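**Q** Curious how this folds, go ahead:
(chains A and B)
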Number of protein chains: 2
Amino acid sequence: MSVTISPISDSLTQFFAQKNYSKVMVLVDNHTKKHCYLLLKGFLPSHKVITIKAGEHYKNLETCQQIWEEMTKNKLDRHALLINLGGGVIGDMGGFCAATYKRGIDFIQIPTTLLSQVDASVGGKLGIDFQGFKNHIGVFTLPKTVLIDDVFLKTLPQNEIRSGFAEIIKHCLIRDKSKWNEIKTVDLENQNLADLIQHSVKIKQQVVEEDPTEKGLRKILNFGHTLGHAIETFYLDKGKDRLLHGEAIAAGMIAEAYISFTKKLIDESTLLQIEEFIFAVYGIVKIRKEDMEDIVKLTLQDKKNIGNVVKASLLDGIGSCQYDVAINKSEMIKALNYYSGY
Amino acid sequence: MSVTISPISDSLTQFFAQKNYSKVMVLVDNHTKKHCYLLLKGFLPSHKVITIKAGEHYKNLETCQQIWEEMTKNKLDRHALLINLGGGVIGDMGGFCAATYKRGIDFIQIPTTLLSQVDASVGGKLGIDFQGFKNHIGVFTLPKTVLIDDVFLKTLPQNEIRSGFAEIIKHCLIRDKSKWNEIKTVDLENQNLADLIQHSVKIKQQVVEEDPTEKGLRKILNFGHTLGHAIETFYLDKGKDRLLHGEAIAAGMIAEAYISFTKKLIDESTLLQIEEFIFAVYGIVKIRKEDMEDIVKLTLQDKKNIGNVVKASLLDGIGSCQYDVAINKSEMIKALNYYSGY
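**A** Modelled structure (predicted):
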């Protein structure tokens, strides 16, 4: 799958110079319609726009029905194209709708958040939430291409940048020690994001290419996500306590690094350098002792599990990660306590 | 993809001797639960049953939600198996639900109608109807295996056998002249179904293997289906006029053979032998002149089309078929008139 990192005017023009689609539609949410769509409108062939409401809350079957309806109403045939312009929700859900409309039409991802640029847009994981479970219904299908331009990041609040940065940290921790050594000495405001986007995309592409459907190696990309997802899901409906994805993953990475340490996969100094940097960027999520059981329960729905055994991806060094490591409830509770400083 | 035609007790026992699933669920409708499930229950490992209402009318997103809910409630993980026991609706919809649950779990097809044994179960086309359009939302995903046993056909009324036989006729017409010469001299009651199932499955497998996602050759399987689907859709909500799939396809094959003739792809004697046999088995569907425009309009939603041009698969001889042939409205109206004897 091709990923192009360049000004969107160039990459779009080049894409449409080579391709001829019967119809083109652009999927946006109310935010990306306002802040991003105008940046590329002029470089698109004749098209129609589908607008949905912004937010994970709308990443569900009802919104899919709305998208499929608009595609049907506009008589899209199998030779049509859907352009997904937005963050992870737009990319995951729009990709899913395209991959299932008439058994699949072409789609391209134009990720507009740091998180989706360094993570969601690459690798073909598509889906929607179902009954409270994240990405519970979906498919693996690669987009025709991914077009990345950091101009869109200028439209983002700082906490969104910080959220995306967590996946950059993850990519360094699981695959690239020297890059980790670079970033850990720089604070977020002074990171070279353009360079780091390229770096993250490259690592993710390599891993996904080796194992597109997550039978093995690809699972290392889930480092921090077993407890991270559970924490994110737990706080999903908690109003002002609500966490951005990367904030939850940051907490998950510390907790899972701690489990790596208790399983003697990494030594204490490695654990300490990881938590020091992550705490400095993200601070602490206050997890109440009485919520921990519920959070751990949520890890049971993790798609990597086999039966009732929770399988996690754990570091066995900086830049190196194992997958399919069974972890139990008490290890997870201990890790949440360690993270929280209890 | 493997297809096994043998007693279901043998094929199931053999399948589970080689595979180990974390959980097994069986999808049935109220008919197959009553007539088919008991024939295989004893050969299954411990499992749960999901029962849905029978009929194309329920091949929709609401039923998918019910199926996904049951899978979620039973905590199926990615290493679980769904067995689809039933006709095309169960296979298409159950397959779609399995292929999208946690981005895809294994499923096997046990087709229980002649139609699904010779057609739907082979080839990985999955999907559901949406807003009146057949199989509008779906994916291409191959089942782990297809297990066929003609014991299930004993539970079927004769008109269901006749419906499935239309696809057998089609497979002969598009790919095997000598088999066509065999079947055209025998009336339906005396056909060797066991042999014909094997024959149809083989042809379909060959075609699908060469072109799994219908970019080219696979389109020949749509002979009779451009107008046939439109006729089927048109009569879908017409109460007692309602047609079985094969009955509509039989009409579609005569109409499209006529278009093949008007385009000089086949000669008149070929057209006549085709219509003689099909009329003898199926009789005539009474299409009113005033409905023809509406039927032709429905062909515009055919998934094979490009833009507003209807592309059909037409015979250029017995046992030979072209695809991507543009046909226009007036040709289709004329063909419907010819078919109807106006």
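
**Q** for the stretch 101-250 of chain A, what spans make up the strands?
**A** With DSSP state E, counting those that start in this stretch as the criterion, the stretch 101-250 of chain A has strands at A:106-111, A:125-130, A:133-140, A:145-148.

**Q** hey, C-alpha coordinates of the first one in CSV?
**A** When you say that, I think you mean strand A:106-111. Presented in CSV, the C-alpha positions along strand A:106-111 are these (Å, rounded to 0.1, in the frame of the first residue of the first chain):
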residue,chain,number,x,y,z
ASP,A,106,-11.9,2.0,-3.8
PHE,A,107,-11.2,4.5,-1.0
ILE,A,108,-8.3,6.7,0.0
GLN,A,109,-7.4,8.0,3.5
ILE,A,110,-6.5,11.6,4.1
PRO,A,111,-5.8,11.6,7.8
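
**Q** Near chain B, which residues of chain A are found?
**A** Within reach of chain B by CB under 8 Å from any CB of the partner chain, chain A has these residues: A:22-23, A:61, A:65, A:68-69, A:72, A:75, A:77-79, A:99-104, A:125-127, A:130-131, A:133, A:135-140, A:213, A:300-301, A:303-308. In this view, the C-beta of every residue, glycine as well, is placed from N, C-alpha and C.

**Q** what do you get if the cut-off is 7 Å, keeping everything else the same?
**A** Residues of chain A lying close to chain B (CB under 7 Å from any CB of the partner chain) are A:22, A:61, A:65, A:68-69, A:72, A:77-79, A:99-104, A:125, A:127, A:130-131, A:133, A:136-140, A:303, A:305-307.

**Q** Narrow these to those that are buried.
**A** Buried subset of these (neighbour count, 16 or more other CB atoms under 10 Å in any protein chain shown): A:22, A:61, A:68, A:72, A:77-78, A:99-104, A:125, A:127, A:130, A:133, A:136-140, A:303, A:305.

**Q** distance of the residue lying closest to residue A:23 once chain neighbours are set aside from residue B:328?
**A** Spatially, and ignoring its direct neighbours in sequence, residue A:23 is nearest to residue A:80 (4.2 Å; CB to CB, 6 or more residues apart in numbering or on different chains). For residue A:80, the distance to residue B:328 equals 22 Å [CB to CB, to the nearest Å].

**Q** ok, the two, which is more surrounded?
**A** Counted by other CB atoms under 10 Å in any protein chain shown, residue A:80 and residue B:328 do not tie: residue A:80 has more neighbours, with 22 against 12.

**Q** contacting residues for that one?
**A** Contacts for residue A:80 (CB atoms under 7 Å, 6 or more residues apart in numbering or on different chains) come out as A:21, A:22, A:23, A:24, A:105.

**Q** Check those residues for burial and list the buried ones.
**A** For the contacts of residue A:80, a burial check counting by 16+ other CB under 10 Å picks out A:21, A:22, A:23, A:24, A:105.

**Q** and of these, the nearest to chain B?
**A** The shortest approach to chain B among the buried ones among the contacts of residue A:80 belongs to residue A:22, at 4.7 Å (CB to the nearest CB).

**Q** Leaving out the residues flanking it, which one is nearest to the closest one?
**A** Nearest residue to residue A:22, sequence neighbours excluded (CB to CB, 6+ apart): residue A:79, at 4.2 Å.

**Q** ok, the one you found - contacts?
**A** Contacts of residue A:79 were listed using CB under 7 Å, 6+ apart, and they are A:21, A:22, B:306.

**Q** What distance do you get for residue A:98 to residue A:108?
**A** Residue A:98 is 9 Å from residue A:108, by CB to CB.

**Q** Who has more neighbours out of the two?
**A** Taking other CB under 10 Å, residue A:98 and residue A:108 do not tie; residue A:98 has more neighbours (29 against 26).

**Q** residues in contact with that one?
**A** Residues in contact with residue A:98 (CB under 7 Å, 6+ apart) are A:82, A:105, A:107.

**Q** neighbours around the last one, how many?
**A** Using other CB under 10 Å, residue A:107 has 26 neighbouring residues.

**Q** Once you drop chain neighbours, what's closest to it?
**A** Of all residues not flanking residue A:107 in the chain, residue A:98 sits nearest, at 3.7 Å (CB to CB, 6+ apart).

**Q** And for residue A:113?
**A** Counting by CB to CB, 6+ apart, the residue nearest residue A:113 is residue A:87, at 3.9 Å.

**Q** what does residue A:218 give?
**A** Closest to residue A:218 by CB to CB, 6+ apart is residue A:211, at 4.2 Å.

**Q** Could you check how many residues crowd around the one you found?
**A** Counted with other CB under 10 Å, the neighbours of residue A:211 add up to 15.

**Q** And for residue A:112?
**A** Count around residue A:112 with other CB under 10 Å applied: 32.

**Q** so it touches residue A:152, yeah?
**A** Yes. Residue A:112 is in contact with residue A:152 according to CB atoms under 7 Å; the separation is 4.0 Å.

**Q** Between these two, which contacts overlap?
**A** Contacts common to residue A:112 and residue A:152, judged by CB under 7 Å, 6+ apart, are residue A:36.

**Q** picking that back up, next, the angle from the helix or strand where the residue nearest to residue A:107 lies to strand B:133-140.
**A** Counting by DSSP states H and E, the element that carries residue A:98 is helix A:88-100. Per axes from the mean of the first three to the mean of the last three CA atoms, to 10 degrees, the angle that helix A:88-100 makes with strand B:133-140 is 110 degrees.

**Q** could I have helix A:88-100 exported to PDB, CA atoms only?
**A** Extracted in PDB, the C-alpha atoms of helix A:88-100 (Å, rounded to 0.1, in the frame of the first residue of the first chain):
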ATOM      1  CA  GLY A  88      -9.400   7.800  13.000                       C
ATOM      2  CA  VAL A  89     -13.200   7.700  13.200                       C
ATOM      3  CA  ILE A  90     -13.700   8.900   9.700                       C
ATOM      4  CA  GLY A  91     -11.000   6.700   8.300                       C
ATOM      5  CA  ASP A  92     -12.100   3.500  10.100                       C
ATOM      6  CA  MET A  93     -15.800   4.000   9.500                       C
ATOM      7  CA  GLY A  94     -15.600   5.400   6.000                       C
ATOM      8  CA  GLY A  95     -13.100   2.700   5.000                       C
ATOM      9  CA  PHE A  96     -15.500   0.100   6.400                       C
ATOM     10  CA  CYS A  97     -18.400   1.500   4.500                       C
ATOM     11  CA  ALA A  98     -16.400   1.600   1.200                       C
ATOM     12  CA  ALA A  99     -15.000  -1.900   1.800                       C
ATOM     13  CA  THR A 100     -18.600  -3.300   2.200                       C
END
